[in-house]
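[1] Below are the sequence and a predicted model; questions follow.
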Amino acid sequence: MRLGPGDSPSDARSWFAPPDQVPQPRRPELVARSEPSRISGWASARCDEIVGDLRGVLWRFVEGVAGPLYPGLGPAVAAAGRVTKWGPVLVGLNDGRGADVKIGLTGSEHLGLWLVLRTRLGQSDHGPRPGWCADLPVGPNGGFGAEGVREGARIISGIEAVKPSDVAPLLLAAPHPGAATRVLARVDVRRRAGVVAVDAGDGLWLRRLFFTLVFPAHSDKRGETFRVVCPVCGRRRLAQFRGFDVCSDCGWLHTP
């Protein structure tokens, strides 16, 4: 999505609106140097301090791709957006435990639609990850393909301009205050999982967040699916929501 004069990223109405004009050549922006205080503060930061400013951005993407990922859900999401003023809630699953990998989710209990996210603060997450973390190409060699929702698409991409302060907590160094920062989201339709990359103003895309969309069947009866211990890491820190469980330590995800 391209913003016009006077617009701000918070006013963006859709990831997939047609551009108003042909994009002009981009000029690289300098990035501020990394500060030791930023590095030391990452582990103690809460999830909302890291991704809170991108909550609306991510949810607009969710609204755009909900239909193709979960056929039949699109009209309900669109209707909810027209008649309500609520925004998605953000839950940090391992806040307060000094984790260098943040696991959380944002979404709507009303719709039962959630985006489960995982991000390693300030850098790419190369360590062991849950199966829903999708390493989709984001660099110039991989290309993006056309933006927007297309029938039969295997991968859906969206790009939105954001404020430098919105993405600063995800980067090793804060972007220049005047940088033309952008966010790219890509989702694999079959896996319903994807990646968020950040352009700090220099035209380079850096993977900073992995996500999956969850829309489980609602049920108050857990039966045999009830667990108190994560089967992957063995810790007793499962976060249990209506229809799905998430391990707040390793990110293991279970839906009936």
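    Yes, it's here. Quantities reported herein were computed from a predicted structural model and do not represent experimental measurements.
[2] Could you use CA atoms for every contact and neighbour count after this?
    Noted.
[3] biggest strand in the protein, by residue count?
    With secondary structure taken from DSSP state E, the chain has its longest strand at strand 205-214.
[4] Break down the stretch 1-150 of the chain into its strands, ranges please.
    Per DSSP state E, counting those that start in this stretch, the stretch 1-150 of the chain has strands spanning 89-92, 101-108, 113-120. These are given in chain order.
[5] Would you mark the buried spots in the first one?
    Put plainly, it is strand 89-92. Taking 16 or more other C-alpha atoms under 10 Å as the basis for neighbour counts, the residues of strand 89-92 that come out buried are 90-92.
[6] So which of these is the closest to residue 256?
    Relative to residue 256, the closest of those is residue 91; by C-alpha to C-alpha it sits at 21.5 Å.
[7] so what's the closest one scoring on pLDDT?
    Reading off the per-residue confidence, residue 91 sits at a pLDDT of 92.
[8] thinking again about what came up before, list the helices and strands the longest strand of the chain packs on?
    For strand 205-214, the elements it packs on are strand 113-120, strand 193-199, judged by 3 or more C-alpha pairs under 8 Å, 6 or more residues apart in numbering; DSSP states H and E.
[9] okay, those in TSV with mean pLDDT next?
    Listed next are these as TSV, based on pLDDT from 0 to 100:
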stretch	mean pLDDT
strand 113-120	93
strand 193-199	95
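[10] Just put these in TSV and tack on mean neighbour count and distance to residue 183.
    Conversion of these to TSV gives the following (neighbours: other C-alpha atoms under 10 Å; distance: least, C-alpha to C-alpha, whole Å):
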stretch	mean neighbour count	distance to residue 183
strand 113-120	23	14
strand 193-199	24	5
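[11] Indicate which one of those strands is closest to residue 96.
    Within those, the stretch nearest residue 96 is strand 113-120; the backing value is 15.3 Å (C-alpha to C-alpha).
[12] So which residues make contact with that closest one?
    With contacts defined as C-alpha atoms under 8 Å, 6 or more residues apart in numbering, strand 113-120 is touched by 62, 100-108, 125, 208-216, 251.
[13] can you do 7 Å?
    Surrounding strand 113-120, the residues in contact under the criterion C-alpha atoms under 7 Å, 6 or more residues apart in numbering are 100-108, 125, 208-215.
[14] Stretch 179-187 now?
    Contact partners of stretch 179-187, identified using C-alpha under 7 Å, 6+ apart, comprise 29, 155-164, 193-201.
[15] ok so, going back, could the strands of the stretch 1-150 of the chain go into TSV alongside distance to residue 149?
    Supplementary listing: the strands of the stretch 1-150 of the chain in TSV, determined by distance: least, C-alpha to C-alpha, whole Å:
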stretch	distance to residue 149
strand 89-92	25
strand 101-108	20
strand 113-120	18
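[16] can you tell which of the ones you listed is closest to residue 242?
    Distances from residue 242 to each of the strands of the stretch 1-150 of the chain were compared by C-alpha to C-alpha, and the smallest falls on strand 113-120, at 10.3 Å.
[17] Check the offset of that closest one from the chain's centre.
    Between the mean C-alpha point of strand 113-120 and the mean C-alpha point of its chain there is a distance of 6 Å (C-alpha atoms, centre = their mean, to the nearest Å).
[18] now stretch 155-171
    Per C-alpha atoms, centre = their mean, the centroid offset for stretch 155-171 relative to its chain is 9 Å.
[19] Report the buried residues of it.
    Along stretch 155-171, the positions that meet the burial threshold by neighbour count (16+ other C-alpha under 10 Å) are 155-164, 166-171.
[20] the bottom helix or strand of the chain by mean pLDDT?
    For the chain, using mean pLDDT, DSSP states H and E, the weakest element among its helices and strands is helix 36-42, scoring a mean of 71.
[21] returning to what we had before: outside of the longest strand of the chain itself, list whatever touches it.
    Outside strand 205-214, the residues within contact range by C-alpha under 7 Å, 6+ apart are 113-119, 123-124, 132-134, 138-139, 170, 192-199.
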